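Peer 1: Any chance you can model this:
(chains A and B)
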Amino acid sequence: MPAKSSAPVPDEYGRLRVLDEDTGHTLTIHAEALPHGRFKVLDEPASDLSGDPLSPVHHESPVEPTTSGQQAETSKEKAHA
Amino acid sequence: MPEPLKPAAAKLFGRANWVYVPTVSGFATGTGPTVAEATASSGLDISRILFEGGIEPTQNTNLVEQQRRFADTTVNQFIGQTTYTGGTFVFQFDQQGAAGSDGVKAWETFRLGVSGFFLRRMNVARATNFTAGQFVDVFKVETGPAMPIAQGSGENAEGAASASFALTADPIFKVAIQA
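Peer 2: Here you go, the predicted structure:
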């Protein structure tokens, strides 16, 4: 009896639908990119009917977006005036 | 009169990163990537995989002439259409590299029709962790097919691959990385 292969089978466009375990997002990747991330292959379509990759489904939106970022070091800039 | 302001130089030599990430959840709302998105193993910091030309998206804004009124003797301008343009990038590629190895990471990532985002961080030492509050530019891209080429010639020739990228949405600039 031949050994059963457990390698994931990409769709006809060479894509897989995966869960990115680092971010929690569900996305479509090219099958060759599978070793380059902590991906869990999902048994879901990876492409839409027109052959385009399905859009990502984000785990959650960022909570309380940060818009201010880093503060300028004004004393440093003054030192160079 | 006091001396005019002279801000410190934002040095970029060895102090810039380009990172590919598959998705940025806050892009549509104009917010930056999360730390998890910027550092996920599904992404790829290509700062030391790209050859010297790096990635150079460009912007062009048309300057258009206003309609001249009947008695006008001068013609002025309007700001017209702005086009964001991708380009071509050249990255290291080892034709003999095993699947999943470092030598083929970029090759196996950038295939025809791959969509995702390029993050550009500037004026931070390249080996510094991405942390919340740092600013980045975010470019939504789709890549074309990659083709193996030789980078350089003769004694310093190296295996490489070339691919094009298109900007598929307006980039967002100077957005903070989210916690």
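Peer 1: And the residue nearest to B:S47 when sequence neighbours are not counted, how far from A:E44?
Peer 2: Ranked by CB to CB, 6 or more residues apart in numbering or on different chains and with sequence neighbours excluded, the top spatial neighbour of B:S47 is B:N17, at 4.5 Å. All C-beta spots, glycine's among them, are computed from the backbone N, C-alpha and C. Relative to A:E44, B:N17 is positioned 33 Å away (criterion: CB to CB, to the nearest Å).
Peer 1: Who has more neighbours out of the two?
Peer 2: Between B:N17 and A:E44, counted using other CB atoms under 10 Å in any protein chain shown, B:N17 has the larger neighbour count: 20 against 13.
Peer 1: Now name the helix or strand holding that one.
Peer 2: strand B:16-21 (DSSP states H and E).
Peer 1: quick one: the strands in chain A?
Peer 2: According to DSSP state E, chain A carries its strands in the segments A:15-20, A:26-30, A:39-41.
Peer 1: what's the answer for chain B, then?
Peer 2: Taking DSSP E as the criterion, chain B carries its strands at B:16-21, B:44-45, B:58-65, B:77-85, B:87-92, B:115-122, B:135-143, B:147-151, B:158-167, B:172-176.
Peer 1: Tabulate those (a markdown table), appending mean pLDDT and distance to B:V104.
Peer 2: Rendered in a markdown table, the data for the strands of chain B read as follows (pLDDT from 0 to 100; distance: least, CB to CB, whole Å):
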| stretch | mean pLDDT | distance to B:V104 |
| --- | --- | --- |
| strand B:16-21 | 97 | 15 |
| strand B:44-45 | 96 | 11 |
| strand B:58-65 | 98 | 29 |
| strand B:77-85 | 97 | 28 |
| strand B:87-92 | 97 | 9 |
| strand B:115-122 | 97 | 18 |
| strand B:135-143 | 97 | 15 |
| strand B:147-151 | 97 | 11 |
| strand B:158-167 | 97 | 9 |
| strand B:172-176 | 97 | 31 |
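Peer 1: Looking at these, which is nearest to A:A7?
Peer 2: The closest of the strands of chain B to A:A7 is strand B:44-45. By CB to CB, the value is 22.5 Å.
Peer 1: what about that closest one and chain A, any contact?
Peer 2: Yes. Shown here: strand B:44-45 in contact with chain A (CB under 8 Å from any CB of the partner chain) through B:L44.
Peer 1: got a list of contacts for that strand?
Peer 2: With CB atoms under 8 Å, 6 or more residues apart in numbering or on different chains as the contact definition, strand B:44-45 has outside contacts at A:H36, B:N17, B:W18, B:V19, B:Y20, B:K105, B:A106, B:T109.
Peer 1: please redo it, this time with the cut-off set to 6 Å
Peer 2: Outside of strand B:44-45, the residues within contact range by CB atoms under 6 Å, 6 or more residues apart in numbering or on different chains are B:N17, B:V19, B:Y20, B:K105, B:T109.
Peer 1: Compare those residues and tell me which is most surrounded.
Peer 2: Counting neighbours by other CB under 10 Å, the one among these with the most is B:T109, which has 26 neighbours.
Peer 1: Appreciated, that's everything.
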